[in-house]
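J.: Build me a structure from this.
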Amino acid sequence: MRAAAVRGYGSSAEHLLAEIGWLDLLIRREILSNRTSAHGTQSDPFKGLYVSEDEVARLIAQGDNGPRNDGPDDKALIEAAAVRRDIDDRRQASIAAGIYLALAHLSHLFGLTPFEERIVVLALASEIDVKYERLFAWLQDDISRKRPCVDLALRLFCANPDERLALRSIFKTEAPLSRGRLLRSLDKGDSPLLSRPLVLDDRIASFLLSNTASSLPTGSRIHTPARPLEQLRWSERMRSELLELIRNHAGGKTDAGHRLVLNFCGRTGSGRKTLASGLCQRVDMQLLVVDVQELATRSESFEEELRAACRHSLLHRCAIYLEHTGAFLADDEKGVAARTALCRAIADFSSLNFVATETGWVPGDTFRGHTFLTVELSTPDIAERESLWASFAAESGLQFVPGISWVELAAKFRLTPGQIESAIETAGHQARLRSPKAQIEEGDLHKGCYAQSNPKLAALAGRLEPRYTWQDITLPPSAMAQLREVCAQLRHRRIVYGDWGFGKKQSLGKGLAVLFYGQSGVGKTMAVEVIANELQLEAFKIDLSTVVSKYIGETEKNLSKIFQEAESSNAILFFDEADALFGKRSEVKDAHDRYANIEINYLLQRIEEFGGLVILATNLRKNIDDGFFRRMHFAVEFPFPDATYRYRIWKQHLPETAPIKGDIDFDYLAERFNLAGGSIRNVVVHAAFLAADDGTAIGMEHLIRATRREYEKIGRVCTDMDFGPYQKWLAETRTLP
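T.: This next block holds a predicted model:
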């Protein structure tokens, strides 16, 4: 009946002040006990600075754990006990009335016993009033010890020596005070346990006094959802299933120590963080984002800072989102240590966790007893990308020139939603460079898309500058038609794979694999540049010296990096002299043959899975494995040019701005010299330098002399007679100075 009439506390602050008032009674009692004992001389002005003979005598006679003057007639003790009962009754009444009490909430979260709560209050006193520093120094007989130590806590709160011995266990490393990092310095130093100071963690003190954190943990931030969950691109079924799972977990339908860990797997910008924050918003939780890679770089103790972040999520009812976790998935010493620390922190503190990786994480038995689920967030298909381009452009508030084709952008660039938003923002910056009021053009958007491409690919391959257009290349009609068909397939993937449903029939990559074959110098590399220019895509020529390795398995690793980076960079991959990598598989006679075949099989698999355009070039078609031909969408032959095509090539390589004499016989050059396009280009450039040195326009003489040098360079036998009426210019008339 008495408990029902008790008035609860009006606020958490009122409760904490009552706890501090009760502590004052215990401190006063301890001070009175010290004054009435033989503890030094009461009027000694140097008390605490030295140990007197009287103090030594008292310690020898009584012992540190001797009897205390705490009989039943001790008025201070009786008063403190009465106040303690009143505080406990009012606390229960407050909780029953739904009034939030920070200390009670902290005790519930970390499973503190009443004695552990009192330790927290004792350590909190110094954060409320500096007078306690002087009182603690006096009680501990040391002016330099302004924080309460374990011995003082046991003296204040324990009734007898047996209780003091029993309660020493709450200061162990695995006990809540230490495991929860509520107190600092408990496990540091070589001093005995009784002498160790009790210092409340700054963030815990801020939580108790104001229910806020003094500062967010290192490498963390609160993420605010940009869009409601219903507006995200994920299916209604997926959203509802994840939401139901989280609600069941947050609603207490699982064990108290049970943790929910959702591994969101997807490319950067795929919407992992957006989905997590949208889900948290629906269950009235904040999302604390922690960059574990930054944490490992900036903090002196990775595990301590990680535990602080997870503890923050527990104190303030946040879900925790660990990004860049993929950096620690390797099975090396660093990765194993980081994952172990991560799992311990989650198990001890954080109830709802999102772990972001680019590839799926298989944790094994790490989260035994908890729920660990991998949710794959795929890159949007062409139709989704088109919709995202249109919606993000409309939301941006930027001005675009009429007629921009979102379909073509979606087909060309396999960007994630985050990358699309960033590309539009970058395009806006590009337009403002021309004029503050300039509208965004298609070229600005292309530059924005290139800015999202992964720069790592440039370290693995050489970027081709797409200088050539359709007018610069000379090929037979069949080859030209195939090159245009390659471009058309890349442009119209949304219609075929999306609108017409062909994408549902293909389980592997929806990219293009094209083979160019023909002799050296016939225009294979030029054709790659033409396609890149036409499609406004970046093209990278693979440097085989950085790919092929004599060590088993290294070639596959290098190629895996290239294909992975090309996927995220939306780039064209160009393998020149591809027969060095894609040669025929052979009969297995030794270990070398077996591993060589493994490399080829791996390449076949990666080409099938690749979602972009990969172009293979070879001088010898017969050297390419038959398995590659079955996987090629196009096999374009680049024939050696006949006289008709050579005539065009000679004319094309002479710029309109170059000074040219009227004596050039293009018919003779095309008919007489059986050269490929690459060699003709070399001849024309060499002739231009000869003319510049002579101080005249480019004429037939310079072309003849340059042709002879090209023949000598490529090792083809020729005589003066081969140059017919122009052999007069072949005499070596120049002399060394």
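J.: all helices for the stretch 351-500 of the chain, in order.
T.: Counting by DSSP state H, counting those that start in this stretch, the stretch 351-500 of the chain has helices at residues 382-396, 406-412, 417-434, 442-452, 456-460, 477-491, 493.
J.: how about the second one: buried residues?
T.: Meaning helix 406-412. Using 16 or more other C-beta atoms under 10 Å as the test for burial, helix 406-412 gives 406-412. C-beta: built from backbone N, CA, C; applies to glycine.
J.: pLDDT (mean, whole number) over stretch 703-710?
T.: Average pLDDT, stretch 703-710: 92.
J.: Name the residues that touch it?
T.: Stretch 703-710 has contacts (C-beta atoms under 8 Å, 6 or more residues apart in numbering) with 664, 669, 673, 675, 679, 682-684, 686-687, 690, 718, 723, 726, 729-730.
J.: Quick one, which of the helices of the stretch 351-500 of the chain gets closest to R339.
T.: helix 456-460 (23.9 Å; C-beta to C-beta).
J.: in that closest one, what's buried?
T.: For helix 456-460, burial by neighbour count (16+ other C-beta under 10 Å) applies to 457, 460.
J.: same check, this time on stretch 420-431
T.: Buried-residue list, stretch 420-431, by 16+ other C-beta under 10 Å: 420-424, 426-428, 430-431.
J.: next helix or strand past the helix or strand hosting L124?
T.: Using DSSP states H and E, L124 maps to helix 114-128. Next in sequence after helix 114-128, counting helices and strands by DSSP H and E, comes helix 131-139.
J.: With just CA atoms, put that next one into CSV.
T.: Output in CSV follows, covering the C-alpha atoms of helix 131-139 (Å, rounded to 0.1, in the frame of the first residue of the first chain):
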residue,chain,number,x,y,z
LYS,A,131,34.1,19.9,-4.3
TYR,A,132,34.1,16.1,-4.5
GLU,A,133,37.7,16.2,-5.7
ARG,A,134,38.8,17.8,-2.4
LEU,A,135,36.6,15.4,-0.4
PHE,A,136,38.0,12.3,-2.1
ALA,A,137,41.5,13.6,-1.7
TRP,A,138,40.9,14.0,2.1
LEU,A,139,39.3,10.6,2.5
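J.: Can you list the neighbours in contact with it?
T.: Here helix 131-139 has contacts from 27, 30-31, 34, 47-48, 125-126, 143-148, 152, using C-beta under 8 Å, 6+ apart.
J.: ok, back up a step: worst mean pLDDT among the helices of the stretch 351-500 of the chain?
T.: The bottom spot among the helices of the stretch 351-500 of the chain, by mean pLDDT, belongs to helix 456-460, with a mean of 75.
J.: And that helix, what does it pack against?
T.: Applying 3 or more C-beta pairs under 8 Å, 6 or more residues apart in numbering; DSSP states H and E, one finds that helix 456-460 makes contact with strand 539-542, helix 554-569.
J.: most neighbours per residue, which of those?
T.: Highest mean neighbour count among these (mean count of other C-beta atoms under 10 Å): strand 539-542, with a mean of 22.
J.: Within its sheet, name the partner strands of that one and how each one runs.
T.: Using DSSP bridges, the strands paired with strand 539-542 are strand 461-464 (antiparallel), strand 572-575 (parallel).
J.: Quick one: closest of those to S11.
T.: Closest among the strands paired with strand 539-542, once you apply C-beta to C-beta, is strand 461-464, at 64.3 Å.
J.: Would you mark the buried spots in that closest one?
T.: Of the residues in strand 461-464, 461, 464 count as buried by neighbour count, 16+ other C-beta under 10 Å.
J.: what does stretch 279-291 give?
T.: Within stretch 279-291, the residues that qualify as buried are 279-282, 285-291, counting by 16+ other C-beta under 10 Å.
J.: Tell me which residues are up against that stretch.
T.: 216-217, 219-223, 225, 228-229, 239, 242-243, 246-247, 250, 273, 276-277, 306, 309, 312-313, 316-324, 352, 354.
J.: Between its first and last residues, how far does it reach?
T.: Across stretch 279-291, the terminal residues are separated by 20 Å (C-alpha to C-alpha, to the nearest Å).
J.: Likewise for stretch 464-475?
T.: Start-to-end span of stretch 464-475 (C-alpha to C-alpha) is 21 Å.
J.: got the buried residues for that stretch?
T.: For stretch 464-475, a neighbour-count test (16+ other C-beta under 10 Å) marks 464, 466, 468, 473-475 as buried.
J.: quick revisit: now pLDDT too, for the buried residues of stretch 279-291, in CSV please.
T.: Listed next are these as CSV, based on pLDDT from 0 to 100:
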residue, pLDDT
L279, 94
C280, 93
Q281, 92
R282, 92
M285, 92
Q286, 92
L287, 94
L288, 95
V289, 95
V290, 94
D291, 92
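J.: could you redo these as CSV and give each row distance to A137 and secondary structure?
T.: As requested, those are exported to CSV (distance: C-beta to C-beta, whole Å; DSSP: H, G, I helix; E, B strand; the rest coil):
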residue, distance to A137, secondary structure
L279, 51, helix
C280, 46, helix
Q281, 49, helix
R282, 52, helix
M285, 44, coil
Q286, 41, strand
L287, 44, strand
L288, 39, strand
V289, 43, strand
V290, 39, strand
D291, 42, strand
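J.: I'm done for today, thanks for sticking with me.
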